[in-house]
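1. the amino acid sequence is not available; the structure is as follows:
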């Protein structure tokens, strides 16, 4: 089994009718979730968002990555443990030495002394929500116990969906993007990742881990690929492992994986290789497919010889997946939706024309050879006869089909929407509930914890409430139910990888104290109010007109911070229009006061426990305080005297700039490197940073030398962290990796 990826094509131009509507300022009608940003032309091949980050960093630093230190110890900083901050010279401390917000930091009267020791608590993974299907193919298998094994963020997850339990394996330090299974031992799983490049300029090339999910043993192979490991395949006896890299030549390496030895390396092709398979009948034959090619590779133990498959009547096209048949022929799925067979003579023959509407992304043979399962861009899973000519049954699932695997009894299906389904081989007529659900588009920022659950919202038009005990979704709603969306230009809004319209993207969420409403802060500058019991829409309120910042058409003032006052009367919304809006809940969330003292976009805010004060921070590193008049909110004013509020009890502690969090940055960070903070019972301070780490400090963090527990796991910037109400868990959101991780807070004492 192999897995791979390609590159995201540029968005297709709008139709003449859509362009005409856009010029008139009309709305564009949508037939699905993506809207006018969806690429209807050829968006079949999805690159990992951070695959080219080495190239980006190289351009930023102005030097080639080859000059970076290849010998950097990539074992450091992984897992739990901690790293002590290294003191540097004063003139090298940069932003942390300046602390532009220092004037607003006033110690409370009963301030505890600084304790720079490690906290008496650590974090352990309790549950990982989601499945990486948005940009990967063929990355889902069943182990010997019938557990679903798949990647998410830095982890390999083994999910027993019958017992509802998870086991996670952490051998990687960045996005795990491909996976294959040993042909003789179902518990041995090989996985590959993307490259990691530190902000310091040190390069970490991608590597492969071979994990035994039964014993937990992990074999880490040397990092010999560049950029990423695209796809993997074991030899028939399981002794060798073939891998394809994401360098310019899409190089192929054959490993003696148990000896951690590279046997040979060969150039692949200038076009991207998406999938590789090793013939289980002929150990000398490997086949790769990808952009505009199929290659037959012959290995005699020495060199690797390549023969191109003939295009014949099918023409040159891109193939995404392939499987070997019993007689040694190869079945392929291409972007035109046809099922094609290549014989040993390397000549193609169409088995079924346009079996799927759009590309075929996944193929798998039933273990007993009685049938073939296909999955496509059209969302259909089709079970065919062994010859592939006759359909036995089919079912349409939400989203593109990315991965298929069968143990002979069940069919495991992974979709681009981050969902995993289990279907019976005998057939299914109704769509079952997915065993795994998650976010799948853009980034995940919005997070709010409740008593025994938490709510997330993403840039995929999804709002989900999760149960912390059962680890299942309680309910799921939409950021927007609009059938039509306004035609807008991206450059006037939030920077995001999401293809969805801004009205379907949210980066902030808050739940009302009386548990009646869920409020969302959308990327189009509006708030959406949902019914908390059903997540059905109640109303929307446009706050763009309250902006202090001048943006074309005032549509780009997206919302990153919001929360209800503890008494439930008001909703405070921090916008990228440099305004904090006070919305009156009793007046259908009308903005009754716009506080415009900030000089940059508002990123975090907190209410006081008595609902009479507000504090907020912005990207200009200001920490501002406001006095809120509950009787007449129009009289609310900016309070420039931080000392007068030093003993105020705050209902939440989400402002990253505050007295107890003033030194949560490493000495080589700037202010933007810490994205979120939360405080538990004046004991623990948790932060999420741009390096994919969740960090734990003792409360308060007053000196740069304070030690921290640095917990790795996310493969992208950690956008949000929140403690559960009972303090037993910490929930973190990964931006680009789209994962939600629930951590257990465990004592290290005794």
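-> Arrived safely. These numbers come from a predicted model, not from an experiment.

2. shaky segments in the stretch 1-150 of the chain?
-> Scanning the stretch 1-150 of the chain for pLDDT under 70 picks out 1-98.

3. try it again at 50.
-> Within the stretch 1-150 of the chain, the segments meeting pLDDT under 50 span 5-42, 47-92.

4. check the chain too.
-> Within the chain, the ranges that satisfy pLDDT under 50 run 5-42, 47-92.

5. show me where it has its helices.
-> With helices called from DSSP state H, the chain shows them at 16-24, 53-61, 95-98.

6. what about residue 632, how many residues close to it?
-> Neighbours of residue 632 under the rule other CB atoms under 10 Å: 9. In this view, the C-beta of every residue, glycine as well, is placed from N, C-alpha and C.

7. measure residue 629 to residue 579 for me?
-> 18 Å (CB to CB, to the nearest Å).

8. what residues of stretch 452-469 count as buried?
-> Neighbour-count burial for stretch 452-469, counted by 16 or more other CB atoms under 10 Å, picks out 453-466, 468.

9. same check on stretch 641-657?
-> Buried residues in stretch 641-657 (16+ other CB under 10 Å): 642, 645, 650-657.

10. pick the one among the residues you listed closest to residue 714.
-> When the buried residues of stretch 641-657 are compared for distance to residue 714 (CB to CB), residue 656 wins out at 17.4 Å.

11. and the closest residue to that closest one other than its chain neighbours, how many neighbours does it have?
-> Closest residue to residue 656 apart from its sequence neighbours, by CB to CB, 6 or more residues apart in numbering: residue 677 at 4.7 Å. Residue 677 has 24 neighbouring residues, counting by other CB under 10 Å.

12. so who does residue 677 touch?
-> 604, 653-656, 658, 661, 664, 685-688, 721 (CB atoms under 8 Å, 6 or more residues apart in numbering).

13. farthest-separated two in those?
-> Maximum pairwise distance among those (CB to CB): 15.6 Å, between 658 and 688.

14. between those two, who's got more neighbours?
-> It is residue 688, of residue 658 and residue 688, that has more neighbours when counted by other CB under 10 Å, with 28 against 24.

15. what sits against that one?
-> 674-677, 694-695, 714, 717-721, 732-733.

16. farthest-apart pair in those, please.
-> Spatial extent of these (CB to CB) is set by the pair 677 and 714 at 15.7 Å.

17. ok, back up a step: comparing residue 629 and residue 579, which shows the higher neighbour count?
-> residue 579 (24 against 13).

18. list the contacts of that one.
-> 543, 546-548, 557, 594-596, 598, 602.

19. same thing with residue 132?
-> Neighbours of residue 132 in contact, by CB under 8 Å, 6+ apart: 139, 150-153, 175-177, 418, 737-738.

20. which members of these occur in strands, if any?
-> 150-152, 176-177 (DSSP state E).

21. which one of these is nearest to residue 608?
-> Taking CB to CB as the measure, residue 152 is the one of these closest to residue 608, at 37.9 Å.

22. for residue 715, see how far away that closest one is.
-> 9 Å.
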